[in-house]
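1. Build me a model from this:
(chains A and B)
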2 protein chains.
Amino acid sequence: MISSTDLYIPSFEDVKKASARIKPYAKRTPVLTSRTLNEISGGNIFFKCENFQRAGAFKFRGACNSVFALAENKASQGVATHSSGNHGQALALAAQMRGIPAYVVMPENSPKVKLDAVEGYGAKVIRCASNQEARESTLENVVNETGAIFIHPYDNENVIAGQGTCAYELLTDYPELDIIMAPVGGGGLISGTAITARHLMPDINVIGTEPEQADDAYQSFKTGKLQKFDTTNTIADGLRTTLCERTFHIIQNNLNDIVTVTDESIIHAMRTIWERMNIIIEASCSVPVAAILEKKIDVTGKKVGVILTGGNVDLDYLPWQKD
Amino acid sequence: MISSTDLYIPSFEDVKKASARIKPYAKRTPVLTSRTLNEISGGNIFFKCENFQRAGAFKFRGACNSVFALAENKASQGVATHSSGNHGQALALAAQMRGIPAYVVMPENSPKVKLDAVEGYGAKVIRCASNQEARESTLENVVNETGAIFIHPYDNENVIAGQGTCAYELLTDYPELDIIMAPVGGGGLISGTAITARHLMPDINVIGTEPEQADDAYQSFKTGKLQKFDTTNTIADGLRTTLCERTFHIIQNNLNDIVTVTDESIIHAMRTIWERMNIIIEASCSVPVAAILEKKIDVTGKKVGVILTGGNVDLDYLPWQKD
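-> Sure thing, here's the model as predicted:
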């Protein structure tokens, strides 16, 4: 465990460097608006569409920044991570773009579609048992054998700075926002968002959103003490991870609030966006939208930036359909 | 039946006028690209996203142009049409924006979701039996009783000019396209597209695409004689309509080719766009994509504009799912 005094907290300068570094590789994603969503919510919502990002999620920003920040002699050994989700795909694609190996440790019960995606970007997948201990020991073996650099999905300064580039683009295009909202899983995205937003617009409201069934960040924020829960269960599978010391520190110092929503409202929000905006977002991505629709945050008359984090969905299993 | 000498064929000037007229109401839709689709196809594809248009389809352009082109004294009586699909919704919304009544004749077996959408835009729905004769006689009664102006879904100069504004935007943003592609149903969109493209870029390839199971335009184009088929059956339900004299005339004189694709390839193309681009398109919209993926059109090394026509889908019934 790293003690909190050792933690490097990325600055806005780091976000700017990340933005220049990933520019040739990442998409500057479009911002969409919806008359219908504005009517329903009473606010003026600007959706930053990271579901159109490379590899289908904002995760590519942090992974890309981490991969291209590596010195040549370090990079050649490749990069490694454990992930059953979007970070694995993102790291695989970033490594492919740099032409270095990527090793992704994935639980043996990962859906085939996710394995195929990671392998499709040229990464080597290493299967392990589906528990935290197996993930970590398998990853350690991979790193020891290959010399690859471990890129943590969120407890990594370059990842956090990379995720901040999303809010940097959004606030550059729309400098008059009153509120900026994003989901909270491990806290990488909301940390990068908060660092960027606080620098560019000190008075903006930065709001984290979390599923009720994985509310470790909410509990940590409210109690002022990092809370870790062993198991969480929510349809928003990308948000089951817990904060680390570093992201908790950034959240404590920069967020205005964290609100939580039920899985039912997450599914409703997801379907609403699909139907009304004709774009595909995943359950984890729907959490801030649910917070708006459920009026957990009052957006009446406000200009609100919402980061739509990703769109990686198995189209054979949609959450509103019966089995 | 109007004889062909009476037919007014809209010019590019009409398209420009339409563009100015609808500007306060219609969206200038974004153009998206996909690295993956480019890799799969070997071309460089620019997707004009009319699935993000108001009321979810390009149809709003023609309906809006028709509604706002009406003189004040004519407009006050309202507008009427028969449609079970996107034109009905589009006309309803355009009339609502102008503050005039809209009457939409819909077959009694129309899905509730479509009825709700038309009524949601404030139009009056009149149900009729599900055959062409009932549609036309019911519409005639409505027009006689209300004095509303009939806005045909495609055999109407203002509708055709309005649909042309989509290609106008696309070719203004991307003036170096080699090919422009759109689906063909009644021919309103491809006619407006062809008029615009021929004027702006005389040498561009204008390609119509049609389902094999509703290939009246293909048969008409190849034989040089307008073909009408009584019944058609395809998953691309928006393309079951047949050409009229006017759209056939424009197609004959301006298209380079029409190609057809199977329903199987349409469903595959639809799912590919959903998965790879995270946007929702309807089956009718997927036809030009299918033509590219099936290599019915060789796009290797070419810059290709594809009009993605609409995204109105019933999310409870997706074509790749078993019943």
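2. Pick out the residue nearest the middle of chain A.
-> The C-alpha lying nearest the average C-alpha coordinate of chain A belongs to A:Leu189 (CA atoms, centre = their mean; 4.8 Å).
3. Please, which helix or strand holds that one?
-> Element membership for A:Leu189 (DSSP states H and E) is helix A:188-200.
4. Flag every buried residue along the lowest-mean-pLDDT helix or strand in chain A.
-> Here the helix or strand of chain A ranked lowest by mean pLDDT, DSSP states H and E is helix A:112-120, holding a mean of 90. Buried residues in helix A:112-120, defined by neighbour count with 16 or more other CB atoms under 10 Å in any protein chain shown: A:Lys114, A:Leu115, A:Ala117, A:Val118. Placement of C-beta: from N, CA and C, glycine included.
5. Just give me the closest of these to B:Gly147.
-> Comparing those against B:Gly147 with CB to CB places A:Ala117 closest, at 58.2 Å.
6. Now A:Ala134: closest residue in space that isn't a chain neighbour?
-> Excluding the flanking residues, the one nearest A:Ala134 by CB to CB, 6 or more residues apart in numbering or on different chains is A:Cys128, at 4.4 Å.
7. Next, A:Asn38: phi, psi?
-> For A:Asn38, the backbone dihedrals (degrees, to the nearest 10) come out as phi -60, psi -40.
8. Sorry, slip of the keys, the one I care about is A:Val105.
-> In terms of degrees, to the nearest 10, the main-chain angles of A:Val105 are phi -80, psi 120.
9. Show me the beta-bridge partners of it.
-> Partner residues in beta bridges with A:Val105: A:His82, A:Ile126, with DSSP bridges as the criterion.
10. go on, A:Asn205?
-> In this structure, A:Asn205 has beta-bridge partners A:Ile179, where bridges are defined by DSSP bridges.
11. do the one 4 residues further on as well
-> Note on A:Thr209: beta-bridge partners A:Pro183, A:Val259, judged by DSSP bridges.
12. wait, doesn't it sit right on A:Asp257?
-> No. In this structure, A:Thr209 sits apart from A:Asp257 without contact. The criterion is CB atoms under 8 Å, and the distance is 9.5 Å.
13. Of the two, give the one with the bigger neighbour count.
-> More crowded of A:Thr209 and A:Asp257, by other CB atoms under 10 Å in any protein chain shown: A:Thr209, with 29 against 15.
14. All the strands of chain A, residue numbers only.
-> Under the criterion DSSP state E, chain A carries strands at the ranges A:31-32, A:44-49, A:79-82, A:102-107, A:124-128, A:149-150, A:179-183, A:205-211, A:257-261, A:303-308.
15. In a markdown table: those strands, plus distance to B:Ile279 and mean pLDDT.
-> Written out in a markdown table, the entries for the strands of chain A read as follows (distance: least, CB to CB, whole Å; pLDDT from 0 to 100):
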| stretch | distance to B:Ile279 | mean pLDDT |
| --- | --- | --- |
| strand A:31-32 | 10 | 96 |
| strand A:44-49 | 10 | 98 |
| strand A:79-82 | 29 | 97 |
| strand A:102-107 | 27 | 96 |
| strand A:124-128 | 28 | 96 |
| strand A:149-150 | 35 | 98 |
| strand A:179-183 | 21 | 98 |
| strand A:205-211 | 24 | 98 |
| strand A:257-261 | 25 | 98 |
| strand A:303-308 | 12 | 98 |
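16. among the ones you listed, which is nearest B:Arg98?
-> Distance to B:Arg98, taken as CB to CB, is lowest for strand A:44-49 among the strands of chain A, at 24.0 Å.
17. name the helices or strands packed onto that closest one?
-> Of the remaining helices and strands, those touching strand A:44-49 by 3 or more CB pairs under 8 Å, 6 or more residues apart in numbering or on different chains; DSSP states H and E are strand A:31-32, helix A:35-41, helix A:157-173, strand A:303-308.
18. If we use 6 Å, what do you get?
-> Packed against strand A:44-49 by the contact rule (3 or more CB pairs under 6 Å, 6 or more residues apart in numbering or on different chains; DSSP states H and E) you find strand A:31-32, strand A:303-308.
19. returning to that earlier point: would the least confident helix or strand of chain A count as contacting chain B?
-> No. Shown here: helix A:112-120 not in contact with chain B (CB under 6 Å from any CB of the partner chain), separated by at least 9.3 Å.
20. which residues touch that helix?
-> Outside helix A:112-120, the residues within contact range by CB atoms under 6 Å, 6 or more residues apart in numbering or on different chains are A:Gly88, A:Gln89, A:Ala92, A:Val104, A:Val125, A:Asp314.
21. Against chain B, how distant is the third one?
-> Taking CB to the nearest CB, to the nearest Å as the measure, A:Ala92 and chain B are separated by 14 Å.
22. do the last one as well
-> With distances defined as CB to the nearest CB, the gap from A:Asp314 to chain B amounts to 9 Å.
23. ok, the closest residue in space to A:Ser11 that isn't next to it in sequence - how many residues close by?
-> Setting aside the residues directly before and after it, A:Ser11 is nearest to A:Ile195 in space (CB to CB, 6+ apart), at 7.0 Å. Summarising burial for A:Ile195: neighbours were counted as other CB under 10 Å, giving 26.
24. In contact with the residue nearest to the residue nearest to the centre of chain A when sequence neighbours are not counted, which residues?
-> Spatial nearest neighbour of A:Leu189, excluding adjacent residues (CB to CB, 6+ apart): A:Gln163 at 4.6 Å. If a contact means CB under 6 Å, 6+ apart, then A:Gln163 has A:Arg61, A:Gly62, A:Gly188, A:Leu189, A:Gly192 as its contacts.
25. can you check A:Gly305 too?
-> Counted by CB under 6 Å, 6+ apart, A:Gly305 has contacts A:Phe46, A:Leu170, A:Leu177, A:Ile180.
26. can I assume the first one is in contact with A:Tyr174?
-> Right, the one you point to is A:Phe46. Yes. Taking CB atoms under 6 Å as the definition, A:Phe46 is a contact partner of A:Tyr174 at 5.3 Å.
27. These two: who's more crowded?
-> A count of neighbours by other CB under 10 Å puts A:Phe46 above the other of A:Phe46 and A:Tyr174, at 19 against 16.
28. Tell me what the more buried one is bridged to.
-> The partner list for A:Phe46 in beta bridges (DSSP bridges) reads A:Gly305.
29. hang on, the earlier thing: out of the contacts of A:Gly305, who's nearest chain B?
-> Lowest distance from chain B to these (CB to the nearest CB) belongs to A:Phe46, with 13.8 Å.
30. Kindly report the residues of chain A close to chain B.
-> Counting by CB under 6 Å from any CB, the residues of chain A lying close to chain B are A:Pro30, A:Asn51, A:Asn278, A:Ile279, A:Ile280, A:Gly311.
31. wait, what's in contact with the last one?
-> A:Gly311 makes contact with A:Asn51, A:Gly56, A:Ile280, A:Ile281, A:Glu282, B:Asn278, according to CB under 6 Å, 6+ apart.
32. hmm, try it at 10 Å
-> Contacts for A:Gly311 (CB atoms under 10 Å, 6 or more residues apart in numbering or on different chains) come out as A:49-53, A:56-57, A:86, A:273-274, A:279-282, A:285, B:274-275, B:277-279.
33. Could you measure from A:Ile292 over to B:Gly56?
-> Taking CB to CB, to the nearest Å as the measure, A:Ile292 falls 21 Å from B:Gly56.
34. Filter the residues of chain A next to chain B down to the buried ones.
-> Under a neighbour-count criterion of 16+ other CB under 10 Å, the subset of the residues of chain A next to chain B counted as buried comprises A:Asn51, A:Asn278, A:Ile279, A:Ile280, A:Gly311.
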